[in-house]
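Engineer: Sequence first, then the predicted structure, then my questions.
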Amino acid sequence: ALEKLVDDGKVRFVGLSNFSVAEMRQVQSSLDSGCLVATQQEYSLLERTMEQAVIPFCHENGLSMLAYSPLAQGKLASNDYRLGAAAKLSTKYNLSPAQLALNWVVRDPKVLAIPKASTERHVRENAMALTTDIDSEDLGRLSALFEPQVCNISTDRIEVADDPTRDVYKTLAEALENRHHMVPSPVELAKQIQSSEVLKPIKVRNTTKP
C-alpha cells in the first residue's frame, strides 16, 4: 500500500516513527529500494539511546533521522542543572541554552531537529541556533556533560503511577490482557527488552526520601 502511494504520486517517500533497527530492517526487506528515506525518533541531550544503533543504521543505509522533542519537551529550555554548567558555552557562542541544545542535536548531518514552536519568535530563535558553528571539542564537552546514566532496577522497586493523559496498566494481569490494544503490546515489549532490542530505556522517577 505504501509503495502504491509512492508510485501513484500521492507521497514522495516512506518514513517511520519509533521503530527499532530490527523493525526498520524488516520494513526495508518489504519495500522497493529507495522507498524508505527517514525515521522519526525522540532524541535530545537527555534522550540519547538513538546513538547506540539507530543513528549508525541511518548512516549505513542512507536514511535521515528526524529528532522529535529535541529540547526534551521544555526540560532543556530553562532550568536543567547541567545546562547551568554549560552556561559558559552558551555565552561563548552567544546562544541561549535551548539554541545550544538544538545545535548539538543537529551536529550529525543525518539528524534533523523538529522542535515545537508556538510563536513566530520561537521559529526564528530555533532557526538562529543553526547559524553558529560550534567547535567539535566544545560539542564533545557538552556530550560528556549529558552522558546517559542507564542503570538496572529491580522490578519490585518500581510502582506504576497513574497518568490522566494516557492509558496505564498497573498490574501484570492488565498488561497481559492489553485491553487498550497497545502496539507493541507489553508482552512484545518484554521480549524486546530480553533480546536487548529495546528502542529506549524505561524512564522512572525517584520518589524515595533521603
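Structural biologist: Happy to help now that I have it. Only a predicted model underlies this, so the values are computations on that prediction, with no experimental measurement involved.

Engineer: Give me the distance between the spatially closest residue to N178 that is not a sequence neighbour and E197.
Structural biologist: Leaving aside its chain neighbours, N178 sits nearest to S185 (4.7 Å; criterion: CB to CB, 6 or more residues apart in numbering). Just so you know, the C-beta spots here come from the backbone N, C-alpha and C atoms, and that holds for glycine as well. S185 sits 15 Å away from E197, going by CB to CB, to the nearest Å.

Engineer: And the helices in the chain?
Structural biologist: With DSSP state H as the criterion, the chain has helices at 2-7, 21-30, 54-61, 81-85, 87-92, 97-105, 120-128, 136-145, 172-177, 186-194.

Engineer: what pLDDT, on average, does the third one get?
Structural biologist: When the per-residue pLDDT values of helix 54-61 are averaged, the result is 96.

Engineer: these two touch, right, W104 and R141?
Structural biologist: No - taking CB atoms under 8 Å as the definition, W104 is not a contact partner of R141, at 10.4 Å.

Engineer: if we can go back for a sec, and the helices of the chain, which one's lowest on average pLDDT?
Structural biologist: helix 81-85 - the lowest mean pLDDT of these, at a mean of 70.

Engineer: ok, Y169 touching D162?
Structural biologist: No - in this structure, Y169 is not within contact of D162 by CB under 8 Å, at 11.3 Å.

Engineer: So which of those two has more stuff around it?
Structural biologist: A side-by-side neighbour count of Y169 and D162, using other CB atoms under 10 Å, places Y169 first with 16 against 6.

Engineer: And the more buried one, how close does it get to H180?
Structural biologist: Distance of Y169 to H180, computed by CB to CB: 8 Å.

Engineer: burial count for the residue lying closest to E159 once chain neighbours are set aside?
Structural biologist: Excluding the flanking residues, the one nearest E159 by CB to CB, 6+ apart is T207, at 7.9 Å. By other CB under 10 Å, 7 other residues sit near T207.

Engineer: Quick check, central residue of the protein?
Structural biologist: The centre of the chain sits closest to E42, judged by CA atoms, centre = their mean, with a distance of 1.5 Å.

Engineer: Is that residue bridged to anything, and to what?
Structural biologist: On the basis of DSSP bridges, E42 is bridged to Y68.

Engineer: can you give me the end-to-end distance of stretch 117-132?
Structural biologist: Start-to-end span of stretch 117-132 (CA to CA, to the nearest Å) is 20 Å.

Engineer: Give the buried residues for that stretch.
Structural biologist: By neighbour count on 16 or more other CB atoms under 10 Å, the buried set for stretch 117-132 is 125-126, 129.

Engineer: Adding distance to Q28, write these out as a markdown table.
Structural biologist: Listed next are those as a markdown table, based on distance: CB to CB, whole Å:
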| residue | distance to Q28 |
| --- | --- |
| E125 | 37 |
| N126 | 32 |
| A129 | 32 |
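
Engineer: I figured D167 hits A175, correct?
Structural biologist: No - using CB under 8 Å, D167 is not in contact with A175, being 11.4 Å away.

Engineer: coming back round to it: the residue nearest to the centre of the chain: what's it in contact with?
Structural biologist: E42 makes contact with 18, 50, 67-69, 200 under the criterion CB atoms under 8 Å, 6 or more residues apart in numbering.
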